[in-house]
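Trainee: Sequence and predicted model, in that order:
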Amino acid sequence: MSTRSKPTPGQRQASGRPSRRAEYAEATRRAVIDEARRLFSERGYFATKVDDIAAAARVSPATVYVVGGKQGLLRILVDLWSAAPEADTARRSLEEAEDAAEILRIVADLTRRMREDYGDVMRVVLNTAPHDTAAAEGLAIATQRYRNGTAAAARRLADLGALRDGIDAERALDILWFYFGYQGFFTLIDDNGWSHAQAEEWLLTAACQALLRS
């Protein structure tokens, strides 16, 4: 007779797969996060109530608080955006790139993809941060991660000797931030009605002209 005990509720099954309860809990958590993201984007952070998120996710308000409440959900969304796996992939590509134009194309491509995938979250955080301490703290963390990634591109350009005279890695970071930080892309697509592809190509061309030797 086997002495192996059965997994208790919430534990992984012997096969290594999550238990049904764990799968349900994760699906519930995902639903709460997804609905919070949608409502924050559509209504704004302050106009969205916990009860609204609960109703949209078809859970109780208590469940929303278990996931983190409004502030916790906003922090989760900040991490979802600022620690996105595509950023790590781009950083590895930057480290391997040997051509300056390719480095800037990697930055431009990542900027476009992040706006396409997480632009709604960025807008929520940027709009909320001036009026909410938790949002401001989340934005500061996200911005530091964002600038760290951009700084890697600036250093790589400097290491390759590709920068114009008088531009070092620190100044290159400032110029890259001007073109590929928050406002440039949003101005082109939100205010001017450009497509993401048009914005990417224009910013890439302008950054090349501003940074690279002729």
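Mentor: Sure thing, it's come through.

Trainee: Nearest the geometric middle of this structure, what residue?
Mentor: Note on the chain: the residue nearest the mean C-alpha position is Trp81, at 2.0 Å, using Cα atoms, centre = their mean.

Trainee: how much space between it and Pro18?
Mentor: As judged by Cβ to Cβ, to the nearest Å, Trp81 and Pro18 stand 26 Å apart. Every residue, glycine included, has its C-beta placed from N, CA and C.

Trainee: By mean pLDDT, point me to the weakest helix or strand of the chain.
Mentor: helix 85-96 (a mean of 89; mean pLDDT, DSSP states H and E).

Trainee: Show me which residues of it are buried.
Mentor: For helix 85-96, the buried set under the neighbour-count rule, 16 or more other Cβ atoms under 10 Å, comprises Ala87, Ala90, Ser93, Leu94.

Trainee: With distance to Ala100 added, can I get these in a markdown table?
Mentor: Output for the buried residues of helix 85-96, formatted as a markdown table (distance: Cβ to Cβ, whole Å):
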| residue | distance to Ala100 |
| --- | --- |
| Ala87 | 20 |
| Ala90 | 16 |
| Ser93 | 14 |
| Leu94 | 11 |
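
Trainee: ok, Ala31 - contacts?
Mentor: Neighbouring residues of Ala31 by Cβ atoms under 8 Å, 6 or more residues apart in numbering: Ala57, Arg58, Val59.

Trainee: can we see that at 10 Å?
Mentor: Ile53, Ala56, Ala57, Arg58, Val59, Thr63, Val67 (Cβ atoms under 10 Å, 6 or more residues apart in numbering).

Trainee: same deal with Arg91?
Mentor: Counting by Cβ under 10 Å, 6+ apart, Arg91 has contacts Ile106, Leu110, Asn148, Gly149, Ala152, Ala153.
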